[in-house]
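Novice: Provided below are the primary sequence and the corresponding predicted coordinates.
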Amino acid sequence: MITPLLAQAVILLYGASAVVLISSPLISAALFIGVRSALQLAAFKGFTLFGVLPIFTLPFLIIAVMAVYTWANSPHKSNNNRIVFYYYIFIAISMVSYLVNISHSGKPIEVISKLLTPTFIYVVIYYGIRNLDDVEKALRYVVYSSVIPIGAGLYQAAIGAGYSFGTDSYVPGLRITGSIVDPNLYGIYLTFILCYCVALVQWGRSSKLMVLYLLLVMATIVLAKNRGTWIAIAGAVMVSVWLFRSRLNIRYWVMGGALVALLAAPVMLTRFQQLNEYDEYGQSQDTFSERLEHHSRLLDMSLGSPLIGFGFESSIISLGNSGLKILPHNDYVRAAVEFGYIAVFFYLVFFFSQMMFCVNNRRSDLWGVQFAGMIMQVYIFIISFSQNLFADILVYSIFFYFLAISHRSGELARPMMQGGAHVQLGSDRLGPAGRGNRLRSQPLRPMRR
């Protein structure tokens, strides 16, 4: 188990390592994700650093400094990508709402770190990627950082017990959580790691070991028993495969999907049958109707302040007649209540703009990265109807890390295709005498758009 002393020691060690690695932004950002995923319990339990600040305040400050340092030392200063600008508007409105409603919002440092950390991660990765080798490294580093959460989840599956946050013990029959603590977030985390593996495999930059790891992640997603994730993945893959059908062999994808469904059927059918069961408190496992009622109450509440909302975490209200106060399990409803409908508009514009970016880059030589990004984007769009993600530091940091890779990949691929010259960037067999390797290691000049 993670103790406050152990958590502090790891955070301080991370801080020292980040100072040493300040000129290696890709490693530093991936290290932040690795530390956060391994110490998620410390955040859940509210551990503090020296009894003063929340445990992840130091990593947040380090990432902020790293973002400024990486931007200042990057050869490509300009980022004309409007996609992230839409999200910055969403964040700006969120901060205004927080300030207006500060009397009943959360603690300032927690609110700021939750909303801004992913954007700092984006800056670190976007300006830290100089060439195509860096794209591959950035993808691999995050995959490597997932060893502890996935290993912990497989251990829990092997002993047939999940970690209980309330009892600090492994309880037989509970869903596995890895080191992420929450079973639903664990399924989302695993899906994101799966997308990183898919990007490497489809790009042709994977080893046999990476393919095996991808299969291991898929197996862990099944064992995590997250119904929402299964539905969202299926929808995201179908949409993405259709949009990228000119680059894929759809027959293989259909056969592969059918095989995965067949192998996973025993676990999935059992999990869906539990919708008709009741838990130890006599409550139905099917909470859909209660959630709809919960959302309806929140939407009525949102009309009281439609422009700037009621402030961060104001959507935490009682679920039905249970008296249990929870978030709405719907990011769109949550954003409407907490930040207002203008914020929701820019949030949706951000989502659909990124989807269009992936589709528009499906004919580039780095289409595999955009394909994986499309899966991730559609998955988030779907799962956000039943989960709360945008204020989760770990989930959105991994997402914005990939977003930066997607945008830099789009920029790096286009110059190589100009003038009618077509260069296969995703292969080691690029022209005579290793010409492709020299191209991959060249730093790029800023794009003119």
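Specialist: On my side now, so go ahead.
Novice: Quick check, His294 in contact with Leu319.
Specialist: Yes: using Cβ atoms under 8 Å, His294 is in contact with Leu319, at 5.3 Å. Backbone N, C-alpha and C define where each C-beta goes, glycine included.
Novice: Settle it for me: which of the two has more neighbours?
Specialist: Neighbours were counted for His294 and for Leu319 using other Cβ atoms under 10 Å; His294 has more, 22 against 18.
Novice: And that one, how far from Pro328?
Specialist: Between His294 and Pro328 the computed distance is 6 Å (Cβ to Cβ, to the nearest Å).
Novice: Which parts of the stretch 101-250 of the chain are strands?
Specialist: For the stretch 101-250 of the chain, the strands defined by DSSP state E, counting those that start in this stretch cover 161-164, 169-172.
Novice: got the buried residues for the last one?
Specialist: Think strand 169-172. Neighbour-count burial for strand 169-172 flags Tyr170 (criterion: 16 or more other Cβ atoms under 10 Å).
Novice: partners of that strand in the sheet?
Specialist: Here strand 169-172 is paired, per DSSP bridges, with strand 161-164 (antiparallel).
Novice: So for the strand it pairs with, mean pLDDT?
Specialist: Averaged over strand 161-164, pLDDT sits at 88.
Novice: Now Ser23: closest residue in space that isn't a chain neighbour?
Specialist: Residue nearest to Ser23 in three dimensions, not counting chain neighbours: Asn73, with 7.9 Å by Cβ to Cβ, 6 or more residues apart in numbering.
Novice: And Gly153, by the same measure?
Specialist: Per Cβ to Cβ, 6+ apart, closest to Gly153 is Gly178, 3.6 Å.
Novice: Now do the contacts for the one you found.
Specialist: Gly178 makes contacts with Ile148, Pro149, Ile150, Gly151, Ala152, Gly153, Gln156, Tyr186, Tyr189, Leu190, Thr220, as judged by Cβ atoms under 8 Å, 6 or more residues apart in numbering.
Novice: do the same with Tyr379
Specialist: Per Cβ under 8 Å, 6+ apart, neighbours of Tyr379: Thr191, Cys195, Ala232, Ile233, Gly235, Ala236.
Novice: how about TSV for the contacts of Gly178, with distance to Arg140 added?
Specialist: Shown next, in TSV, are these (distance: Cβ to Cβ, whole Å):
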residue	distance to Arg140
Ile148	16
Pro149	16
Ile150	15
Gly151	17
Ala152	21
Gly153	20
Gln156	26
Tyr186	22
Tyr189	17
Leu190	17
Thr220	19
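Novice: pLDDT weak spots in the chain?
Specialist: For the chain, the stretches with pLDDT under 70 are 77-80, 103-106, 276-287, 320-323, 414-449.
Novice: how about the longest helix anywhere in it: buried residues?
Specialist: Criterion DSSP state H: the longest helix present in the chain is helix 250-273. Within helix 250-273, the residues scored as buried using 16+ other Cβ under 10 Å are Trp253, Val260, Ala264, Arg271.
Novice: I'd guessed the last one sits against Arg227; true?
Specialist: Yes: when contacts are counted by Cβ under 8 Å, Arg271 is listed as touching Arg227 (6.0 Å).
Novice: re the thing from before, who does the longest helix of the chain touch, helix- and strand-wise?
Specialist: helix 208-223, helix 227-243 (3 or more Cβ pairs under 8 Å, 6 or more residues apart in numbering; DSSP states H and E).
Novice: so what secondary structure elements neighbour the longest one?
Specialist: Contact partners of helix 227-243 among helices and strands, from 3+ Cβ pairs under 8 Å, 6+ apart: helix 183-203, helix 208-223, helix 250-273, helix 367-383.
Novice: And for the third one, what's in contact with it?
Specialist: In this case it means helix 250-273. Identification of contacts with helix 250-273 by Cβ under 8 Å, 6+ apart yields Met218, Val222, Leu223, Lys225, Arg227, Trp230, Ala234, Val237, Val241.
Novice: check contacts around Ser179.
Specialist: Ser37, Ala38, Leu39, Gln40, Leu41, Ile148, Pro149, Ala152.
Novice: again with Val124
Specialist: With Cβ under 8 Å, 6+ apart, Val124 has these contacts: Pro25, Leu26, Ser28, Ala29, Ile63, Met66, Ala67, Thr70, Ala404.
Novice: Could you check how far the nearest residue to the fifth one once chain neighbours are set aside is from Tyr127?
Specialist: Of all residues beyond its chain neighbours, the one nearest Ile63 is Phe120 (4.6 Å), with distances taken as Cβ to Cβ, 6+ apart. Taking Cβ to Cβ as the measure, Phe120 falls 11 Å from Tyr127.
Novice: And Lys225, by the same measure?
Specialist: Lys225 sits at a distance of 39 Å from Tyr127 (criterion: Cβ to Cβ).
Novice: Kindly report the same for Val349.
Specialist: Distance of Val349 to Tyr127, computed by Cβ to Cβ: 24 Å.
Novice: If you count surrounding residues, which of these two has more?
Specialist: The neighbour comparison of Val349 against Tyr127 (other Cβ under 10 Å) goes to Tyr127, with 22 against 17.
Novice: picking that back up, any chance of the contacts of helix 250-273 in TSV, with distance to Lys114 too?
Specialist: Compiled in TSV, those are given as follows (distance: Cβ to Cβ, whole Å):
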residue	distance to Lys114
Met218	30
Val222	30
Leu223	29
Lys225	27
Arg227	26
Trp230	27
Ala234	30
Val237	29
Val241	33
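Novice: what's the burial count for the residue nearest to Ile33 when sequence neighbours are not counted?
Specialist: With Cβ to Cβ, 6+ apart as the criterion, Ile33 has its nearest non-adjacent residue at 5.2 Å, and that residue is Ser145. Neighbour count for Ser145, taken as other Cβ under 10 Å: 23.
Novice: Helices of the stretch 1-150 of the chain, start to end?
Specialist: 4-20, 25-38, 40-44, 57-72, 82-100, 108-128, 132-145, 147-159 (DSSP state H, counting those that start in this stretch).
Novice: which stretches of the stretch 301-449 of the chain form helices?
Specialist: With helices called from DSSP H, counting those that start in this stretch, the stretch 301-449 of the chain shows them at 331-339, 341-360, 367-383, 393-413, 435-440.
Novice: tell me which strands and helices the longest one is in contact with?
Specialist: In terms of contacts (3+ Cβ pairs under 8 Å, 6+ apart), helix 393-413 is packed against helix 25-38, helix 82-100, helix 108-128, helix 132-145, helix 183-203, helix 341-360, helix 367-383.
Novice: quick one on the thing from earlier: just the helices and strands packed on helix 250-273: most buried one?
Specialist: helix 227-243 (a mean of 19; mean count of other Cβ atoms under 10 Å).
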